[in-house]
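Participant: return a 3D structure for these sequence lines:
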Amino acid sequence: MKFWGWGFEDQQPSHEQVAEAAAGIRAHVGFGDGEVERPPRLEDLELPAPRVEPPASLARICSSDVHERASHAYGKAYRDVVRSFRGRIDHPPDVVARPTREPEVEALLEWCEQARLAAIPFGGGTSVVGGVEPCVGGDYAGTVSIDLKALDRVLEVDPVSRAARIQAGATGPLLEDQLREHGLTLRHYPQSFEYSTLGGWIATRAGGHFATLYTHIDDLVESVRAITPRGTWESRRLPASGAGPSPDRLLLGSEGILGVITEAWVRVQERPRFRASAGVHFPGFEEGAAAVRALAQSGLHPSNCRLLDPTEAEITGAAPGGVALLVLGFESADHELGPWMARALELCGDHGGRAVEEKSGSGDGTGAWRDVFLQAPYLRDTLVAAGIVADTFETAITWDRFGGFVAQVRETAERAVASECGAGRVSCRLTHVYPDGAAPYFTVLAPARRGSEIEQWDAIKRAASEAVEAAGGTITHHHAVGRDHRPWYDCQRPEPFAAALRAAKGSVDPAAILNPGVLIEPLA
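Facilitator: Residues are numbered from 1 along each chain as shown. Below is the predicted model:
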């Protein structure tokens, strides 16, 4: 894997190809200039010497190799990519451990507790909120990144109940390949699907493929197993239970502070055989949002229901200027979908929507947007090289406050972009929708000041986050809290709950070694 960007090293285009792509992007967005930078070389990195060495019993699964440490120092947030692209590795872990079985996880946690080392569970390293950065503070003697990707197997399949027991380190493609042998699929597709892991999805309450109904990994989890410094945490496998607070719910979104998730039973399904999709144009974002609300409250449950505002539709080439685009889709393993799509298009028509006919050479815009969506993580490396600030923030709000909320947050972000960058664009799309609300997802593109990109983005992100919190939205709909969202998460959660969470952590992790600084400050 690249230590400084998205994907594998052998996928990196040549400098000439990057420069050509950068020129095209600059012309398209209307800003960005200067030399197209080259990524750093591994041999030029200067990392501090590791502060600790693993015991002989764990040496086989541990490494302090420069590439291992550099590639586990960050996630994939914009600020992470900028720092690593410049060869700036602020907090490399001292040791990277790759356990191959649960007893090794137990031994690693025992070593970390005894040696006063921070232990950071690591899946695909795709966090965009500082969730895996070894920036732990305190009096820790060192940091150990525990990479779970060797735990990557589908261990058991229950075709009767349609469930599967899968190890936490399995990436999206790997677990789907194994489920395919049984004619089954999980169908959870976050944008990071290619590299992120099941354990990471659970630990961060990741949002996935479905825009309605099964929007989060929460909806697909049957039971979870984790290793804590004080024993194994495993819930009973059940379709549902009313027996007190759910042990799974406490691990979902726990971001590694309570234990190392090692496996889970998840609900799977037959692979879809029937699909229907359409692009729908609306005269504006407001009309599109009204149609999306009608769809979310109709009980039709489209699998895809993503609304792009005119700015995003134009930037991605999915629709002509001034038009909002709804990317609408249905899928089923059981039945044809014509009636569902027909009714959905009727609802769209009630709000001024016009279905776009698929024509040879033009398309309905959905394919163009899908291609940009899938390539976006790769393009960010090029945007950094081209001198363009490019990042996102997302939230959720109820329908009764939706219009004013989006306008307020967008206006605040636009003011911050103008102040920090002088120019730029802020676009919005709806990624997930519910009967009672929606998840607005904002994208920022702006000219960067070389060497000051992090300060620029931090100021924009801070202004947007404060606007989201003040207007009553959530600081994150599906990107987790990490270290980046802590100030606003602290405002969002009830203080009695924070105290309860600290007490739970104090019980299973009394030495506070697990991912310090994320979600809460542990008990003193």
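
Participant: and the pLDDT for G317?
Facilitator: You'll see G317 listed with a pLDDT of 89.

Participant: meant to ask about G361
Facilitator: What the model reports for G361 is a pLDDT of 42.

Participant: A463 too?
Facilitator: Confidence at A463, expressed as pLDDT, is 98.

Participant: that one - how many residues pack around it?
Facilitator: A463 has 19 neighbouring residues, counting by other Cβ atoms under 10 Å. Every C-beta, even on glycine, is put in place using the N, C-alpha and C of the backbone.

Participant: out of the helices and strands in this structure, which is least certain?
Facilitator: helix 366-386 (a mean of 81; mean pLDDT, DSSP states H and E).

Participant: for the very next helix or strand once past that helix, give me every contacting residue.
Facilitator: Once helix 366-386 ends, the next helix or strand along the chain (criterion: DSSP states H and E) is strand 388-394. Residues from elsewhere that reach strand 388-394, judged by Cβ atoms under 8 Å, 6 or more residues apart in numbering: 25-26, 29, 31-32, 77-78, 128, 379-380, 383-384, 413, 421, 424, 431, 439-448, 453, 456-457, 460-461, 464-465, 468, 476-479.

Participant: buried residues, strand 388-394. List them.
Facilitator: If you call a residue buried by 16 or more other Cβ atoms under 10 Å, then strand 388-394 has these buried ones: I388, V389, A390, D391, T392, F393, E394.

Participant: ok, stretch 456-475 next?
Facilitator: For stretch 456-475, a neighbour-count test (16+ other Cβ under 10 Å) marks 456-457, 459-461, 463-469, 471, 473-475 as buried.

Participant: which residue is most remote from the mean position of this protein?
Facilitator: With Cα atoms, centre = their mean as the measure, the chain has its most outlying C-alpha, relative to the mean C-alpha position, at A56: 36.1 Å.

Participant: quick check: phi and psi on that one?
Facilitator: When quoted as degrees, to the nearest 10, the phi and psi of A56 stand at phi -60, psi -30.

Participant: ok, T143 next?
Facilitator: Summarising the backbone geometry of T143 under the convention degrees, to the nearest 10, its torsions are phi -130, psi 140.

Participant: burial of it, as a residue count?
Facilitator: Close neighbours of T143, defined as other Cβ under 10 Å, add up to 28.

Participant: go ahead and confirm it touches E133.
Facilitator: No: with contact taken as Cβ atoms under 8 Å, T143 and E133 are classed as non-touching, separated by 9.7 Å.

Participant: intersection of neighbour lists for those two?
Facilitator: Counting by Cβ under 8 Å, 6+ apart, the contacts common to T143 and E133 are H91.

Participant: hang on, I120 in a helix?
Facilitator: No: counting by DSSP: H, G, I helix; E, B strand; the rest coil, I120 falls outside a helix, being strand.

Participant: dump the residue contacts of it.
Facilitator: I120 is in contact with P93, V132, P134, V136, T143, V144, S145, I146, G256, L514, N515, counting by Cβ under 8 Å, 6+ apart.

Participant: distance of it from I146?
Facilitator: Taking Cβ to Cβ, to the nearest Å as the measure, I120 falls 7 Å from I146.

Participant: mind listing the strands for the stretch 351-500 of the chain?
Facilitator: Under the criterion DSSP state E, counting those that start in this stretch, the stretch 351-500 of the chain carries strands at the ranges 354-356, 388-394, 397-398, 425-434, 437-447.

Participant: and of these, who's closest to D158?
Facilitator: Closest to D158 of the strands of the stretch 351-500 of the chain is strand 425-434 (Cβ to Cβ; 28.2 Å).

Participant: show me what the closest one is packed against.
Facilitator: Using 3 or more Cβ pairs under 8 Å, 6 or more residues apart in numbering; DSSP states H and E as the contact test, the elements touching strand 425-434 are helix 285-296, strand 304-308, helix 310-315, helix 402-421, strand 437-447.

Participant: adding pLDDT and distance to L337, write the buried residues of strand 388-394 out as CSV.
Facilitator: What follows is the buried residues of strand 388-394, written out as CSV (pLDDT from 0 to 100; distance: Cβ to Cβ, whole Å):
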residue, pLDDT, distance to L337
I388, 96, 40
V389, 96, 40
A390, 95, 35
D391, 96, 36
T392, 96, 31
F393, 97, 33
E394, 98, 28
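
Participant: columns distance to A203 on top of those residues, output as CSV?
Facilitator: As requested, the buried residues of strand 388-394 are arranged in CSV below (distance: Cβ to Cβ, whole Å):
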residue, distance to A203
I388, 31
V389, 28
A390, 26
D391, 22
T392, 20
F393, 20
E394, 18
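
Participant: pLDDT below threshold where in the stretch 101-250 of the chain?
Facilitator: Within the stretch 101-250 of the chain, no range satisfies pLDDT under 70.

Participant: do a quick rundown of the helices in it.
Facilitator: For the stretch 101-250 of the chain, the helices defined by DSSP state H, counting those that start in this stretch cover 102-115, 172-180, 198-204, 247-251.

Participant: quick one: contacts for the closest residue to A168 other than its chain neighbours?
Facilitator: Counting by Cβ to Cβ, 6 or more residues apart in numbering, A168 lies nearest to G199, which is 2.8 Å off, once chain neighbours are set aside. With contacts taken as Cβ under 8 Å, 6+ apart, G199 has the following neighbours: P121, G123, L148, L151, Q167, A168, G169, I261, T262, A264.

Participant: so how far is R249 from the second one?
Facilitator: Going back to what we said before, that points to G123. 20 Å.

Participant: which one's more surrounded, these two?
Facilitator: Between G123 and R249, counting by other Cβ under 10 Å, G123 is the more crowded of the two (29 against 14).

Participant: nearest spatial neighbour of that one, chain-adjacent residues omitted?
Facilitator: In space, and not counting its chain neighbours, G123 is closest to G200: 3.1 Å by Cβ to Cβ, 6+ apart.

Participant: now do that neighbour: how many residues are near it, please.
Facilitator: Counted with other Cβ under 10 Å, the neighbours of G200 add up to 31.

Participant: hang on, it packs against T126?
Facilitator: Yes: using Cβ under 8 Å, G200 and T126 qualify as a contacting pair, with a distance of 7.0 Å.

Participant: between these two, which contacts overlap?
Facilitator: In contact with both G200 and T126: no residue, using Cβ under 8 Å, 6+ apart.

Participant: now for the buried residues of stretch 456-475, which pair is the farthest apart?
Facilitator: Applying Cβ to Cβ across those, the maximum distance is between Q456 and T474, 24.5 Å.

Participant: so where is the stretch 251-400 of the chain shaky, pLDDT-wise?
Facilitator: Counting by pLDDT under 70, the stretch 251-400 of the chain contains low-confidence residues at 358-365, 368-369.

Participant: rerun that using 90 as the cut-off
Facilitator: Residues of the stretch 251-400 of the chain that meet the criterion pLDDT under 90 lie in 317, 320-321, 357-380.

Participant: residue contacts, the closest residue to L251 other than its chain neighbours?
Facilitator: Using Cβ to Cβ, 6+ apart and skipping the chain neighbours, the partner closest in space to L251 is V224 (4.9 Å). For V224, the residues meeting the contact criterion (Cβ under 8 Å, 6+ apart) are I202, W233, E234, S235, P247, D248, L251, L252, I261, E263, A264, W265.
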